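# here you go, sequence then predicted model.
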Amino acid sequence: MIKYHPNLIQGSDEWLAVRCGLLTASEMRLAVTIPKPETRIKKDGTPYKQREIVPADTDACRSHVWELAAQRITKYVEPTYIGDDMLRGMDDEIAARALYEEAYAPVTTMGFVTNDRWGFTIGCSPDGLVGADGILECKSRRQKYQFETIATRAMPDDYLLQVQTALLVTERAWCDFISYSGGQPMITIRVYPDPRIQAAIVDAAAAFERQICERIEQYNATMASGIRLIPTERAERQEIF
């Protein structure tokens, strides 16, 4: 079932609480691996690139499994570093959304969306909803990447998993991907669901979910074993991890 959380402000304590312990669209790159595309040949002899998407088996994946398992036990999300690019991106997202609305269609802001129809929950934070069918994903880009995106007229592969996961979670018909870089033209690229990619995402997310549950069982077994443990209190600190 799809559940919308329209009043959450992305980055707020309330937003962090809702997404605590969940695999989300922006983190799907940690659960899924996309090896270098293979060149294959169609029946008519035309070459094409075929992406093979598989569950990740990396240190980053295993680390994120432990992180989400810990979040589910503690109900706490540790603070993360916010750099200059992220701060610029927050401002640019507002500007990009305003330009989109002026040129194309009204946008409804959305804090968080979840979907649990696979027996586990995946979440996403779209940058907006467009009508009944669309979502918006805005990216603030450095000028070299913006130049490349305009020249190639294609959404960068870096955002493939995030966008396809957001379409999967919201079950919407399309995503308008916005690439924005102040001083250059803003480009909007419409992206549609790819059933093959989304099926691979669900398979990888299911494997990821099983690993989280195994880690929690392991943790609970240790807690019940009588091992020497001393409870502590979390100090409220301002440092960024």
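Arrived safely.

# any idea how far residue 17 is from residue 5?
Using Cβ to Cβ, to the nearest Å, residue 17 is found at 10 Å from residue 5. Any C-beta I mention is one placed from the backbone N, CA and C, and that applies to glycine too.

# test my guess that residue 133 contacts residue 171.
No - counting by Cβ atoms under 8 Å, residue 171 is not a contact partner of residue 133; they are 10.2 Å apart.

# residue 175 in helix, strand or coil?
strand (DSSP: H, G, I helix; E, B strand; the rest coil).

# could you give the number of residues near residue 177?
23 (other Cβ atoms under 10 Å).

# again with residue 58
For residue 58, using other Cβ under 10 Å, the count is 11.

# ok, back up a step: settle it for me: which of residue 17 and residue 5 has more neighbours?
residue 5 (16 against 13).

# for the residue lying closest to that one once chain neighbours are set aside, give me its contacts.
Once flanking residues are discounted, residue 5 sits nearest to residue 112: 4.2 Å by Cβ to Cβ, 6 or more residues apart in numbering. By Cβ atoms under 8 Å, 6 or more residues apart in numbering, the contact list for residue 112 reads 4-5, 8, 10, 15, 18-19, 123-125.

# quick one: low-confidence ranges for this structure?
Where the chain drops to pLDDT under 70, the residues are 36-43, 45-51, 81-89, 237-241.

# the strands in it, which residues?
Ranges of strands in the chain, per DSSP state E, are 2-5, 23-24, 32-33, 38-41, 47-50, 54-55, 112-115, 122-124, 128-130, 134-140, 174-180, 187-191.

# what packs against the longest helix along the chain?
In the chain, with assignment by DSSP state H, the single longest helix is helix 195-223. The contact analysis (3 or more Cβ pairs under 8 Å, 6 or more residues apart in numbering; DSSP states H and E) places helix 195-223 against strand 23-24, helix 28-31, strand 32-33, strand 54-55, helix 59-74, helix 160-170.

# wait, which of those is closest to residue 106?
helix 160-170 (17.1 Å; Cβ to Cβ).

# same for the closest one, what does it pack against?
By 3+ Cβ pairs under 8 Å, 6+ apart, helix 160-170 packs against helix 28-31, strand 112-115, strand 122-124, strand 134-140, strand 174-180, strand 187-191, helix 195-223.

# coming back round to it: so how far is the longest helix of the chain off the chain centroid?
16 Å (Cα atoms, centre = their mean, to the nearest Å).

# make residue 1 into 23 and carry on from there
Sure thing, new numbering starts at 23, so read that last one as helix 217-245.

# between that helix and helix 81-96, how many degrees?
Calculated by axes from the mean of the first three to the mean of the last three Cα atoms, to 10 degrees, helix 217-245 forms an angle of 60 degrees with helix 81-96.

# give me the buried positions along helix 217-245.
219-220, 222-224, 226-227, 229-231, 233-234, 237-238 (16 or more other Cβ atoms under 10 Å).

# what's the most distant pair in these?
219 and 238, at 28.7 Å, using Cβ to Cβ across the buried residues of helix 217-245.

# quick one: the longest helix of the chain to helix 182-192, angle?
80 degrees.

# spit out the contact partners of the residue nearest to residue 186 when sequence neighbours are not counted.
By the measure of Cβ to Cβ, 6+ apart, the closest residue to residue 186 outside its immediate chain neighbours is residue 219, 5.0 Å from it. Residues near residue 219 by Cβ under 8 Å, 6+ apart: 73, 75, 182-183, 186.
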